[in-house]
Each structure stands twice: as C-alpha cells, then as structure tokens.
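Q: Provided below are the primary sequence and the corresponding predicted coordinates.
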Amino acid sequence: MSRIGRSPITVPANVTVSVADGVVTVTGPNATMTRILPEGITLSQEGEVLSVDRASEETSQKALHGLTRTLVANMVTGVTTGWTKELEIIGVGYRAAAAGADAIDLALGFSHPVKFTAPAGVTFEVPTPTRVIVKGPDKEVVGQVAASIRKLRKPEPYKGKGVRYLGERVLRKAGKAAK
C-alpha cells in the first residue's frame, strides 16, 4: 500500500467533510472546497479521522491513492489556516503596491506599470514595497498565482533582478571577462 495514501487525515472540530456521488466537500471557517474523487478511490470518515482507500492494486490506482489523500489533506488545511506564498522583488525601482485586496500594481522595469488581478478566493498583502504575500484556501491556485507573478519578470542571472520566491537562491553568472 502507498505510505502516503494509508496515513489518516485528522479533521479538526470546526471542519465538516461530506462525500456524495464521488465528490468530496470540505467546509471550514475560511472556505468551502469541493473536488471530484477519481474512479476506484473511496473516502471514509470515522469520527474525526478520514481514510482514503483504493479498489485495486493497479499501478494507476496506487498513484491516485496517495495523490487523493494529499489533495484532501490540503483541502482540510486550506479551509482552516489557508496557504501562503511569499515573493520578493529585487531591483532598483522595482516595487509593488496594493490596489485593493485582490489586485496589485507592479513596477518591474517596463515602460508601464503592470496591474495583476487575483482570481476569486486569493488575496494579496504588500507589507513592504519589495514583498508580496499571496494568500488563499486552495494550494494549487495560490501556487499558480505566485508563479504567474514571478513569470512577469523572472530573476536574471547577472544582477539577480526580478521577482523571486522568498528564500529562492538564484545562480549568478560572471559577466564579460576583461582582457
């Protein structure tokens, strides 16, 4: 059996989980999330513990077993505490400014400012002009929004300017060799 798939998911007291017709719904204090379960994967709840089971020993079922368990556990975490990704902006004149809770204005060295609007459920915080915090209940969406912002101006290898994840290490190249 999958080591990840067979580990139980602990459900907090303020979270309710319901499964109907192959769709799992997780409701918590911050959000409500739904996901369709793959064929052959079942979810059962005993008290405050969820367990994910598979129908057969096929390789595809084994892979989906662990994946489904992780996705449901991420849903439980998302509706209780939520997910965050932090980005830092490095470069002279590069900065971010909040334009409401769901949009930011970015100055990234282009001739125009870039306005980035978040999808539903995702919010931005700008504690300093060089740091952006992306928050939301869905781990996939938060990661995709952070990657989209980073894609606007990836860190370049010579000076290291651009948007990067907090703590990301950018490999630097030497410049031109002088003769």
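A: Sure, I can see it.
Q: biggest strand in this protein by residues?
A: strand 83-90 (DSSP state E).
Q: buried set for the following helix or strand past that strand?
A: Counting by DSSP states H and E, the next helix or strand C-terminal to strand 83-90 is strand 95-98. Across strand 95-98, burial judged by 16 or more other C-beta atoms under 10 Å covers R95, A96, A98. No exception for glycine: its C-beta is placed from N, CA and C like everyone else's.
Q: before we move on, what SS does A120 have?
A: coil (DSSP: H, G, I helix; E, B strand; the rest coil).
Q: Can you tell me which of the buried residues of strand 95-98 is nearest P129?
A: Nearest to P129 out of the buried residues of strand 95-98 is R95 (C-beta to C-beta; 3.9 Å).
Q: Just name whatever secondary elements the helix or strand harbouring R164 is in contact with.
A: Using DSSP H and E, R164 sits in strand 162-165. Applying 3 or more C-beta pairs under 8 Å, 6 or more residues apart in numbering; DSSP states H and E, one finds that strand 162-165 contacts strand 83-90, helix 139-152.
Q: Just name the most buried of these.
A: Most buried of the helices and strands packed on strand 162-165 by mean neighbour count (mean count of other C-beta atoms under 10 Å) is strand 83-90; its value is a mean of 18.
Q: Okay, helices next: where are they in the protein?
A: For the chain, applying DSSP state H gives helices covering 3-6, 59-80, 139-152.
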